[in-house]
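**Student:** no sequence on hand, only this structure:
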């Protein structure tokens, strides 16, 4: 159960930033830099370290500008499920779990990362760009979830469940907002006669 919570925590961190959780995973929790991480274990550690540090800096700096947010969202939307699956497999390997359980953790991790990334994209669309204070909260949550994954997986898992609850509430709010834009006669098909087209 602890491994599942750790995988959820790391996957949620990947749902906010891709490279930073992998960087922290390799530097803080691996005796042999990224030895248990699929794909990364096949590459030379200096190359992996340089790539992850560079991309972490890009994510941290570009996320503060509107154009950078747009570009990062495209990359993160494509790669967050893959990296979420990778961290799920990593936790399974670290905990020496069965391969079937490892694949289940990989699928769940990829889905959690994708769902959180989709929520961020949705809010960015709705607000026409995320405010800077939200970006700093994302950075903080990403680091906190990555650190909690192995140090306090129960607390990290609870934080992930809270984020998933906020995700469900967000989808309900988006549906209400979307339907409220339609005229009363077109409530069944809100796209028709929309006041604020998407």
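**Tutor:** Done, it's in. Every value quoted in this text rests on a predicted model; they were computed, and no experiment measured them.
**Student:** residue ranges with poor pLDDT in the chain?
**Tutor:** Where the chain drops to pLDDT under 70, the residues are 30-32, 181-198.
**Student:** show me the helices in it, by range?
**Tutor:** Secondary structure of the chain (DSSP state H): helices at 2-14, 19-29, 45-62, 66-94, 99-127, 132-151, 153-180.
**Student:** buried ones in the third one?
**Tutor:** It refers to helix 45-62. 48, 49, 52, 55, 56, 58, 59 (16 or more other C-beta atoms under 10 Å). C-betas here are computed from N, CA, C, even on glycine.
**Student:** ok, back up a step: deepest in the core, which of the helices of the chain is it.
**Tutor:** helix 2-14 (a mean of 28; mean count of other C-beta atoms under 10 Å).
**Student:** for it, packing partners?
**Tutor:** Here helix 2-14 touches helix 19-29, helix 66-94, helix 99-127, helix 132-151, helix 153-180, going by 3 or more C-beta pairs under 8 Å, 6 or more residues apart in numbering; DSSP states H and E.
**Student:** closest to residue 39 out of those?
**Tutor:** Closest of the helices and strands packed on helix 2-14 to residue 39 is helix 66-94, at 6.5 Å (criterion: C-beta to C-beta).
**Student:** what sits against the nearest residue in space to residue 52 that is not next to it in sequence?
**Tutor:** Of all residues not flanking residue 52 in the chain, residue 23 sits nearest, at 4.3 Å (C-beta to C-beta, 6 or more residues apart in numbering). When the contact criterion is C-beta atoms under 8 Å, 6 or more residues apart in numbering, the partners of residue 23 are 49, 52, 53, 56.
**Student:** same check, this time on residue 77
**Tutor:** So residue 77 contacts 114, 117, 118, 121 (C-beta under 8 Å, 6+ apart).
**Student:** distance check, residue 69 against residue 82.
**Tutor:** 21 Å (C-beta to C-beta, to the nearest Å).
**Student:** quick revisit: now the contacts of residue 77 in JSON lines, with distance to residue 169?
**Tutor:** Shown next, in JSON lines, are the contacts of residue 77 (distance: C-beta to C-beta, whole Å):
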{"residue": "114", "distance to residue 169": "18"}
{"residue": "117", "distance to residue 169": "17"}
{"residue": "118", "distance to residue 169": "14"}
{"residue": "121", "distance to residue 169": "17"}
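**Student:** closest to residue 12 among those?
**Tutor:** Out of the contacts of residue 77, the member with the shortest distance to residue 12 (by C-beta to C-beta) is residue 117, at 10.3 Å.
**Student:** that closest one contacts residue 75, doesn't it?
**Tutor:** No - at 10.3 Å, residue 117 does not count as touching residue 75 under the criterion of C-beta atoms under 8 Å.
**Student:** for the spatially closest residue to residue 68 that is not a sequence neighbour, give its distance to residue 135.
**Tutor:** Distances taken as C-beta to C-beta, 6+ apart place residue 62 nearest to residue 68, at 3.0 Å, with adjacent residues excluded. According to C-beta to C-beta, residue 62 and residue 135 sit 10 Å apart.
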